[in-house]
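Novice: what's the 3D shape of this:
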Amino acid sequence: MTKIILSLCFFVFSCFFIISCSKSSSGGGGGTTPAFCDGVTSTYAANVQPLIVSKCLLGSNCHSAGSVNAGGELTDYNKVFNKRATIKSTLNAGSMPQTGTITLDEKKKIICWIDAGAANN
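Specialist: Reported below is the predicted structural model:
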């Protein structure tokens, strides 16, 4: 009887473990829900680049040309694209920008652009 109870407990625990470790079907690189980006249309040239310039280059001077900060330079599309995962995680964590502020709508424009594939558009 004890073996049956232990076996049943092991089975139930295993099922919970497998379910909790499975990826969601939402895709997008993790961290945001589909509802977060509902209705957000964002392009690099129209939305993301101006925010990077105003919040990260000019506004804080942290990621301009020659930057030795942890994130490095964010002066062109390729540099932003290569750092997109770091940009997303620091925005989600609320640790950037270090100086000034960024609104939720501004965060959404950057994060949803990244989640949509970070196209050079």
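Novice: L51 touches E106, doesn't it?
Specialist: Yes: if you go by CB atoms under 8 Å, L51 and E106 touch, sitting 5.5 Å apart. C-beta here means a position set from N, CA and C on the backbone, and glycine is covered the same way.
Novice: identify the residue nearest the residue nearest the centre of the chain in space, chain neighbours excluded?
Specialist: Centroid-nearest residue in the chain: K88, 2.9 Å away (criterion: CA atoms, centre = their mean). Take K88 and drop its neighbours on the chain: the residue closest to it by CB to CB, 6 or more residues apart in numbering is I114, 5.0 Å away.
Novice: that neighbour: neighbouring residues, count only.
Specialist: 23 (other CB atoms under 10 Å).
Novice: look up how far G72 lies from it.
Specialist: Distance from I114 to G72, counting by CB to CB, to the nearest Å: 17 Å.
Novice: just to revisit the earlier point, do you know the pLDDT at the residue nearest to K88?
Specialist: Note for I114: predicted pLDDT of 95.
Novice: do G31 as well
Specialist: With respect to pLDDT, G31 has a value of 53.
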